[in-house]
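Asker: here is the input, now give the coordinates:
(chains A and B)
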Amino acid sequence: MSRAAKATRRYPVVESKPDFAAIEAGVLEGWERGGIFQASVDQHPAGAGEYVFYDGPPFANGLPHFGHLLTGYVKDIVPRYQTMRGRRVERRFGWDCHGLPVEMETEKALGISGQKKIVEYGIDRFNAHCRASIGKYTGEWERYVRGQARWVDFKNDYKTMDLSFMESVMWAFAELYRKGLVYESYRVMPYSWAAETPVSNFETRLDDSYRERQDPAITVRLELEPRDGDETKTSILVWTTTPWTLPSNLAVAVGPEIDYAVLELDGERLIVGAAARGNYEKELAGAREVGLVKGAELVGRTYRPLFAYFADRDAFRVLAGDFVDTEEGTGVVHMAPGFGEDDQRVCAENGIEVVCPVDEQGRFTAEVPDWQGLNVLEANKPIIAELKRRGVLVRHDTIVHNYPHCWRTDQPLIYRALSSWYVKVTAVRDRMVELNQEIAWIPEHIRDGQFGKWLEGARDWSISRNRFWGSPLPIWRSDDPAYPRIDVYGSLDELERDFGVRLDDLHRPAVDSLTRKNPDDPTGKSTMRRVEDVLDCWFESGSMPYAQVHYPFENKDWFESHFPGDFVSEYVAQTRGWFYTMMVLSTALFDRPPFKNAICHGVVVDENGKKLSKRLRNYPDPEEVFATVGSDALRWYLCSSPVLRGGDLRVDREGKGIAEMVRLVINPIWNAYSFFCLYANADGIEAEPRTDATGTLDRYILAKLRALVEDVQRDMDGYDIAGACASVRSFLDALNNWSIRRSRPRFWKTEHDQDKREAYDTLYTVLCLLCRVAAPLLPLMTEAIYQGLTNEKSVHLTAWPNADELPADPELVADMDLVRAISSVALGLREDKRLRIRLPLAGLTVAGADAARVAPFAELLRDELNVKDVRTETDLHAFGDFDLKLNARALGPRVGKRMKELLAAARGGDWKRTDDGIRVADLDLEPGEYELAFVPKAESQGSAIQAVPGAEVAVVLDVRLTPALEQEGLARDAVRLIQIARKQAGLHVSDRIRLRITANDESQQAVGAHADWVREQTLAESLSFEAPSGYVHEAELAGATAAIGVEKV
RNA sequence: GGGCCUGUAGCUCAGUUGGUUAGAGCGUCCGCCUGAUAAGCGGGAGGUCAAAGGUUCAAAUCCUUUCAGGCCCA
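Answerer: Modelled structure (predicted):
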């Protein structure tokens, strides 16, 4: 046989529907064996061309979920792309080691809880346990990160508990202090009494921290001190959901612009927000309205204290508050400045001092002797009972509301005044707002929306935590207020200078043991001791850009020339978290933004828009997805979706949407590859990269490929990953469903001629380049394909393709796309007439001004549409008429108000051709202001006519049948059945066969008349109408059963 | 209460600086095609572009208000 070369097999034997997950696993192994990741980084030198990527440190506890995977994919795609663009992109993984989560877990593991117990247990042992627990989840993280094919440097990672990291954090703190940006203050903060620590803004917002809780909601009356002229006892009604704060009540607030009704009931006057009156229908039944006053008129009045504990204070006044509303409660807000942020602020503005009779564990102190030692939440009940006994309780309800809980201990938080250290964010706020303008946010609205607005409203940041496992506050203070002194340290050297000790661990308790005599105390009795608090761990993650390189103690030049970083990506809520803390510290320390580009992606939710929850199992298991449909399909699913534009992404429970990506993207690209391998192996051809093929199909797909490279490059440079996915997908369609499909005969023809060679070389070139372009988006599949095609080490070690090396041919692309449109219309006409495509038709005429453009493709159209003859005809008038279509966009600005009238005229046919164009009504049109749309005549003389949308061309199909055409159609039907038989018999596409057919006379005559052609099409060495042998396939042909026997030669 | 985002086909979403008859994928129905692709192609049905008002010759697009959902802040 002529295909002797079949023996050589240069390309893998590729299954058409392989186990993609297994292929991916193989690629992952290969990468590890070959050290490909490291090689991809190392191939570009460090220095000026570096692309700086900041990987935000996740908490080193808890397992990753779909949201993390999405972030991970984004964090992988961009660095892979930049690497291919020639940049060195290091990807150090970071671990956030400190903070409450670790401490709480350790408390649980040790079976101890509370500050006292920890101190008793020993801070050194406690912290040693914290340190040891850090490694617990790292294994799982690494497994997920590996499974998603994300390239990350775990070996050269950084940890926030490393000495070098902590020293940089210490430096940053001292630097802020020296700039006057750190101060201590006594303030109300969210506080976890169970964990005995204040909680940062951010921590109150972590998943599930807001939860429904049932609380009492009580309304009490406060008796106003009489004013001159008051005869009747007057009370004001206040509402609260925290009765335990009433003993600390020092004021009430009203809205100055809000209307308050003065009601008379049973001889007493009651004041309540006019709009809130409806909330108390029962209690106020029978009340008579005797007046209506603005809140402002009430401001300044005083009332009798509800409890005696603080009755000696200068307080108990009605104040104005801008936060008061009448939606809930009475429109009058009770103020306990020790337990509410608004309360504290408004009271401070009015000279009312804070009282805070609650201890660290949330129990009343001796200042409230009646309930001393009782947890405040448990004190609600007896307090309400007391109020009832005294007859001041107007109403007692319970309400179910969203209330913040300590995310570690699960106990409700309280708000409580305490002493804390602050970063004076307000001092750099305006500058942050300015620097933020230099950051490119994706999506864009984040810049002036969610992030920008948050910056504008930035408040000072509480950074001290009364805990154990964290970076120490590097503040030493005199223990005798008579001789005050504060020292803040910014390095190990400075500590060594003053304390004579070189620490190799900055954690407590070692750092606490550093003390010295207070130099400012002539008596020599007082001692400098460290302020015991540790830093908020968000201060550490915000310090990551410089702390990970131990700036300024090491890498000084590098950092200063590589800051801000190029790229970060996290989910949108990090505008309050990591993005924000980086911004604060970067602005305060360096007067620069911390990064140049940021992708804020949205949240992955379930099919009903609910949060993903492990407990509800409302999402597919990621590892299961890796193992079945594969990581690349998941990557594509997540990264081609609107979640990258900041919206939500709904994932159905079974992961059908993910599996769909296999069908839409993975399969098509794999099919193109397997097609190539199948025929190249059969032909024994080794293809060469080249871009100079002459055939129109080749030039077409090469030009499309050039556009693809340009498009994806543009998309990726703009961090539009979803756009890049869309570009790749539309290219795949042109490749598979036009270029390859139309080229098939070129691959399976017998002659090894120039055309065949070009077909192989072009397809090979296109596939190789497609792999490179799609490599960041489908790193595993493109790797498998690229290696199969080239035997090279890795597609990820190649450079980004240069579009200029591919031929540009916009005209050809436009013409070919017109050919595709014409085909589409012609196939539509066939369907209208119920003329199957295997039935040849006599002819097709392409008529109109654009017809000349498709003349070179007549052969292609003939084959695609199965017609005997394709003609082009520039004159359309024989086939129909034209409608005038005005281009409103072009014409509108010129004619303005007349537009409507002209549109009506054009539609109504009130127009004519003039010597040099078109005149509608009395107006001459300029070129570009109109189009002529062809309207075909009703069909005549056996023709079907249809205009092609978007072009000045119409398709005229000859629908007249002849016996010869019908016979040929029948022969084609027979060939189709023979091909099915071949496939069912399990034959290879290049196997030769003996063919035996029995069918009705009509069919046998048809096959006989085209015997040569049938044999050629089916690789049959012989054809006879005998009783079939070998594999026999029975099917209907020309209304009777035909039996087809194929037998391998 | 405030800020930001979203609301377009049964579902998921596009829709450029306003421009004529609002698109794609999935699903569905009908048909076609197949020597890689249990795949592909063509077509049909399916929309008061959340609602109302305004600006304009012209509004899914701009403005105002309202409604619904999400995120965040209070």
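Asker: what sits against residue A:245?
Answerer: A:334, A:336, A:338, A:339, A:340 (C-beta atoms under 8 Å, 6 or more residues apart in numbering). Where C-beta positions appear, they are placed from N, C-alpha and C, glycine not excepted.
Asker: equivalent analysis for residue A:973, please.
Answerer: Shown in contact with residue A:973 (C-beta under 8 Å, 6+ apart): A:838, A:1037, A:1038.
Asker: and the pLDDT for residue A:617?
Answerer: The model reports residue A:617 with a pLDDT of 65.
Asker: can you add secondary structure and give the contacts of residue A:973 back as TSV?
Answerer: TSV is the format used below for the contacts of residue A:973 (DSSP: H, G, I helix; E, B strand; the rest coil):
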residue	secondary structure
A:838	coil
A:1037	strand
A:1038	coil
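Asker: now those in JSON lines, with pLDDT, neighbour count and distance to residue A:268?
Answerer: Conversion of these to JSON lines gives the following (pLDDT from 0 to 100; neighbours: other C-beta atoms under 10 Å; distance: C-beta to C-beta, whole Å):
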{"residue": "A:838", "pLDDT": "86", "neighbour count": "15", "distance to residue A:268": "97"}
{"residue": "A:1037", "pLDDT": "85", "neighbour count": "23", "distance to residue A:268": "102"}
{"residue": "A:1038", "pLDDT": "82", "neighbour count": "18", "distance to residue A:268": "103"}
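Asker: ok, and which of those reach RNA strand B?
Answerer: Counting by C-beta under 7 Å from any atom of the strand, residue A:838 from the contacts of residue A:973 sit close to RNA strand B.
Asker: what's the closest of the contacts of residue A:973 to RNA strand B?
Answerer: RNA strand B lies nearest to residue A:838 out of those, by C-beta to the nearest atom of the strand, at 3.6 Å.
Asker: sec struct for the closest residue in space to that closest one that isn't next to it in sequence, please.
Answerer: In space, residue A:838 comes closest to residue A:972 once its chain neighbours are excluded; the distance is 4.1 Å by C-beta to C-beta, 6 or more residues apart in numbering. In three-state terms, and counting by three-state DSSP, residue A:972 is helix.
Asker: how far away is residue A:972 from RNA strand B?
Answerer: Counting by C-beta to the nearest atom of the strand, to the nearest Å, the separation of residue A:972 from RNA strand B is 6 Å.
Asker: so for that residue, what pLDDT did the model give?
Answerer: 88.
Asker: longest strand anywhere in chain A?
Answerer: strand A:210-223 (DSSP state E).
Asker: residue of the stretch 401-550 of chain A closest to RNA strand B, please.
Answerer: residue A:449 (3.2 Å).
Asker: roughly how far does that residue sit from residue A:436?
Answerer: Separation of residue A:449 from residue A:436 (C-beta to C-beta, to the nearest Å) stands at 11 Å.
Asker: what of residue A:666?
Answerer: Distance, residue A:666 to residue A:436, by C-beta to C-beta: 40 Å.
Asker: kindly report the same for residue A:300.
Answerer: To residue A:436, residue A:300 is 42 Å away according to C-beta to C-beta.
Asker: and the stretch 351-500 of chain A, which residues reach RNA strand B?
Answerer: A:445, A:449, A:450, A:453, A:454, A:457.
Asker: are any of those residues buried, and which?
Answerer: Using 16 or more other C-beta atoms under 10 Å as the burial test, these include A:450, A:454 as buried.
Asker: among the residues of the stretch 351-500 of chain A next to RNA strand B, which are in helices?
Answerer: Among these, the members falling in helices (DSSP state H) are A:445, A:450, A:453, A:454.
Asker: and the strands in the stretch 151-300 of chain A, which stretches?
Answerer: A:153-159, A:182-192, A:197-198, A:210-223, A:234-240, A:251-254, A:259-265, A:268-273, A:288-294 (DSSP state E, counting those that start in this stretch).
Asker: residue of the stretch 851-1000 of chain A nearest RNA strand B, please.
Answerer: Closest approach of the stretch 851-1000 of chain A to RNA strand B (C-beta to the nearest atom of the strand) occurs at residue A:892, with a separation of 2.3 Å.
Asker: hmm, residue A:899 and that residue touching each other?
Answerer: Yes - contact criterion C-beta atoms under 8 Å: residue A:892 and residue A:899 qualify, at 5.3 Å.
Asker: quick one: end-to-end distance for stretch A:172-190.
Answerer: 26 Å (C-alpha to C-alpha, to the nearest Å).
Asker: that stretch: which residues count as buried?
Answerer: A:172, A:173, A:174, A:175, A:176, A:177, A:181, A:182, A:187, A:188, A:189, A:190.
Asker: where in the stretch 251-400 of chain A is pLDDT low?
Answerer: A:326-327, A:400 (pLDDT under 70).
Asker: ok, the nearest residue to residue A:695 once chain neighbours are set aside - contacts?
Answerer: Spatial nearest neighbour of residue A:695, excluding adjacent residues (C-beta to C-beta, 6+ apart): residue A:758 at 5.8 Å. Contact partners of residue A:758, counting by C-beta under 8 Å, 6+ apart, are A:690, A:693, A:694, A:695, A:698.
Asker: check residue A:758 and give its pLDDT.
Answerer: On pLDDT, residue A:758 comes in at 91.
Asker: what's the following helix or strand after the helix or strand encompassing it?
Answerer: Assigned by DSSP states H and E, residue A:758 belongs to helix A:754-774. For helix A:754-774, the succeeding helix or strand toward the C-terminus, using DSSP H and E, is helix A:779-790.
Asker: packing partners of that next one?
Answerer: helix A:20-34, helix A:631-639, helix A:667-683, helix A:754-774 (3 or more C-beta pairs under 8 Å, 6 or more residues apart in numbering; DSSP states H and E).
Asker: could I get these as JSON lines with distance to RNA strand B?
Answerer: Formatted as JSON lines, those follow (distance: least, C-beta to the nearest atom of the strand, whole Å):
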{"stretch": "helix A:20-34", "distance to RNA strand B": "12"}
{"stretch": "helix A:631-639", "distance to RNA strand B": "10"}
{"stretch": "helix A:667-683", "distance to RNA strand B": "3"}
{"stretch": "helix A:754-774", "distance to RNA strand B": "10"}
